[in-house]
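A.B. asks: Next come a sequence and a model predicted from it.
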Amino acid sequence: LGLCWFPIAAMAVAAPLRFLEGLHRCRCSAVIPLLIGILFPSVSSTGTLSLLQWNPHWQCFVWNQDDCANRVVALANEYLEKYDVDFANFIELESKDWRPREGWMSVESTRDCSNDITEIVYNTARWTVSTDPAHKATGCLEGNDRPFVLQVFYPRKGSWVDVGINGVIVVGAHFPHPGRRDKRHPFSFTKHISDVLEVLTASTGIQQVVLIADTNCDNKRMNTLIAEELKFPGQKVIGTSLQHTCCADSKYASRMTFDRIIANFGAAESGDMETQLPMEDPPAWTRQVHGGRVGAFHKPILALLPFDHTAGVGSPVPTPLSPATPAPMPPPVTPVPTPLPSPHSPAPAQPTKFPSPAPSPSPMPPLEPGTSEPTPFLVSSSWSTVVVIGSCIVGVVLVCAIGVHRICQDDVRSYRGAAGLPGPSGPVAEIVLGREGPRSPPQPAE
């Protein structure tokens, strides 16, 4: 329908009374807009990303009072389907029974960051994960704690390809607590992510970035500051509104706006995504208490990111690097062998795992079995587009043919009337001349 709104509107204006009579009277005025609508079709250029962040915290699964673990697993899958989520980041969802429901798959962080874990869950109907090992990076943000994962995703044919997204880099992370950061450089840990992000944007040409994280940042730390520290490409920053999602042990104080979703692209005008709290008032089972200590259960937060392919990220997309000029890599970190950590003691520091440049970087992933290669923007060959364009072309041809026939019949009638000849007879005469029969030739003026 997006391809045909102009032709339909033109016909509605050109034929307000009767189709054939309107076409006869307006002649080419109805045909020209139709041809313009075919030659310059209106293409749907907007879409919406559904994004989810949730950290139910480890106490829900270790203490597991009131069946908290099973309730969270059920709700996580319920949210995926109910909100038709594109990307979600789950932190410390430690149930051995946890699996994303059919239609979603996950990309996990490293398990070397103590007992902490974060994972990106993605919608397999609309997105496919890059199979290039260099397009994924995991590591720890604080010594051997606080995991992160970066992953390149490509849209499947006929979804985000049609609105100009050639790919998205999704970052899932669990930031350190403010009290455990460097006092002089409180965001120095973000270098682990920004260095990898610089490599991925340069090697893939993908500039769209989405951070889904428990940032442990209060309401004095704006989304723009976080994006700046992570060195997002471009100038645009769009994020969730600041919601007090943390935590049960602090009674969700208004300053505890920890859970954020931040992107460098989108069509939101105010700078904020449409933000929802699926669990506005956490039920009693979310409050886990053990030995006088209250668990730090977080509220889940959902964001809807509208996208317009004309919005961009605020800067040109660079050409992907050739194999002869690989992207600059961060300095290598030499791992130090240490004994394996115990479940109840701090684990040794692990180096951040940075991706190495692919020998032949390519902006598109290998095709999966049963799928076809995505087509560029405005070159999609989906059957729906072919049918709509074909129908419009056939309609224009028929309209032109009818119009020419109608005009010719009118000229014949005028000629015969002026010459005093009888008009045509039969069904054609009824259509052309009306049921009253031939008209008398015009009389000379007295």
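C.D. replies: It's in.
A.B. asks: So, low pLDDT: which residues of the stretch 1-150 of the chain?
C.D. replies: Residues of the stretch 1-150 of the chain meeting the criterion pLDDT under 70: 1-46.
A.B. asks: isn't residue 178 right next to residue 215, touching?
C.D. replies: No - counting by CB atoms under 8 Å, residue 178 does not reach residue 215; the two are 10.2 Å apart. Placement of C-beta: from N, CA and C, glycine included.
A.B. asks: Looking at those two, which one has more neighbours?
C.D. replies: When residue 178 and residue 215 are compared for neighbours, residue 215 comes out ahead with 20 against 12, by other CB atoms under 10 Å.
A.B. asks: pLDDT at that one, what is it?
C.D. replies: Looking at residue 215, its pLDDT reads 95.
A.B. asks: Likewise for the one 4 residues further on?
C.D. replies: According to the prediction, residue 219 has pLDDT 91.
A.B. asks: Ok, the one 4 residues further on next?
C.D. replies: Model confidence at residue 223, given as pLDDT, is 94.
A.B. asks: Next, the contact list for the nearest residue to it once chain neighbours are set aside, please.
C.D. replies: Distances taken as CB to CB, 6 or more residues apart in numbering put residue 239 closest to residue 223, at 3.4 Å, once the chain neighbours are dropped. Residues in contact with residue 239 (CB atoms under 8 Å, 6 or more residues apart in numbering) are 223, 226-227, 260-263, 271-273, 303.
A.B. asks: Against residue 93, how distant is residue 239?
C.D. replies: Here residue 239 is placed at a distance of 23 Å from residue 93 (CB to CB, to the nearest Å).
A.B. asks: And residue 281, by the same measure?
C.D. replies: 21 Å.
A.B. asks: who has more neighbours, the two?
C.D. replies: residue 93 (23 against 8).
A.B. asks: Over to the more buried one. Which of the three states is it?
C.D. replies: coil (DSSP: H, G, I helix; E, B strand; the rest coil).
A.B. asks: right, and it touches residue 76 too?
C.D. replies: Yes - Residue 93 lies in contact with residue 76 (CB under 8 Å); the separation is 6.6 Å.
A.B. asks: between those two, what contacts are shared?
C.D. replies: residue 54.
A.B. asks: that older thread, retrieve the pLDDT associated with the residue nearest to residue 223.
C.D. replies: Residue 239 is assigned a pLDDT of 95 by the prediction.
A.B. asks: Next one: it relative to residue 146, how far apart?
C.D. replies: Taking CB to CB, one finds residue 239 at 20 Å from residue 146.
A.B. asks: Which elements pack onto the strand ranked longest in the chain?
C.D. replies: In the chain, taking DSSP state E as the definition, the longest strand is strand 145-155. Strand 145-155 is packed against strand 104-108, strand 118-123, strand 127-129, strand 136-142, strand 168-174, helix 191-204, with contacts defined by 3 or more CB pairs under 8 Å, 6 or more residues apart in numbering; DSSP states H and E.
A.B. asks: Format those as CSV; extra columns: distance to residue 57 and mean neighbour count.
C.D. replies: Output for the helices and strands packed on strand 145-155, formatted as CSV (distance: least, CB to CB, whole Å; neighbours: other CB atoms under 10 Å):
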stretch, distance to residue 57, mean neighbour count
strand 104-108, 18, 18
strand 118-123, 12, 23
strand 127-129, 27, 20
strand 136-142, 17, 23
strand 168-174, 11, 25
helix 191-204, 22, 21
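A.B. asks: Turn the ones you listed into JSON lines, including distance to residue 398.
C.D. replies: As requested, the helices and strands packed on strand 145-155 are exported to JSON lines (distance: least, CB to CB, whole Å):
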{"stretch": "strand 104-108", "distance to residue 398": "46"}
{"stretch": "strand 118-123", "distance to residue 398": "42"}
{"stretch": "strand 127-129", "distance to residue 398": "41"}
{"stretch": "strand 136-142", "distance to residue 398": "54"}
{"stretch": "strand 168-174", "distance to residue 398": "43"}
{"stretch": "helix 191-204", "distance to residue 398": "47"}
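A.B. asks: where's residue 215 relative to residue 66, distance?
C.D. replies: 28 Å.
A.B. asks: And residue 213, by the same measure?
C.D. replies: Going from residue 213 to residue 66 by CB to CB gives 28 Å.
A.B. asks: How about residue 394?
C.D. replies: Taking CB to CB, one finds residue 394 at 64 Å from residue 66.
A.B. asks: Settle it for me: which of those two has more neighbours?
C.D. replies: residue 66 (15 against 10).
A.B. asks: Just confirm that one is within a strand.
C.D. replies: No - under three-state DSSP, residue 66 falls outside any strand and is assigned helix.
A.B. asks: who's in contact with the nearest residue to it once chain neighbours are set aside?
C.D. replies: Excluding the flanking residues, the one nearest residue 66 by CB to CB, 6+ apart is residue 285, at 3.8 Å. Neighbour list for residue 285: 65-68, 71 [criterion: CB under 8 Å, 6+ apart].
A.B. asks: Mind doing that once more with 10 Å?
C.D. replies: Residue 285 makes contact with 60, 65-68, 71-72, 297, according to CB atoms under 10 Å, 6 or more residues apart in numbering.
A.B. asks: With residue 129 instead?
C.D. replies: Residue 129 is in contact with 105-107, 120, 122, 135-136, 151-154, 170, 365, 368, counting by CB under 10 Å, 6+ apart.
A.B. asks: Going by distance to residue 206, which of these wins?
C.D. replies: For the contacts of residue 129, the minimum distance to residue 206 (CB to CB) is 6.4 Å, reached by residue 152.
A.B. asks: number of nearby residues for that closest one?
C.D. replies: By other CB under 10 Å, the residues close to residue 152 number 24.
A.B. asks: just for the stretch 251-400 of the chain, where's the confidence low?
C.D. replies: Looking at the stretch 251-400 of the chain by pLDDT under 70, you get 268-270, 308-388, 400.
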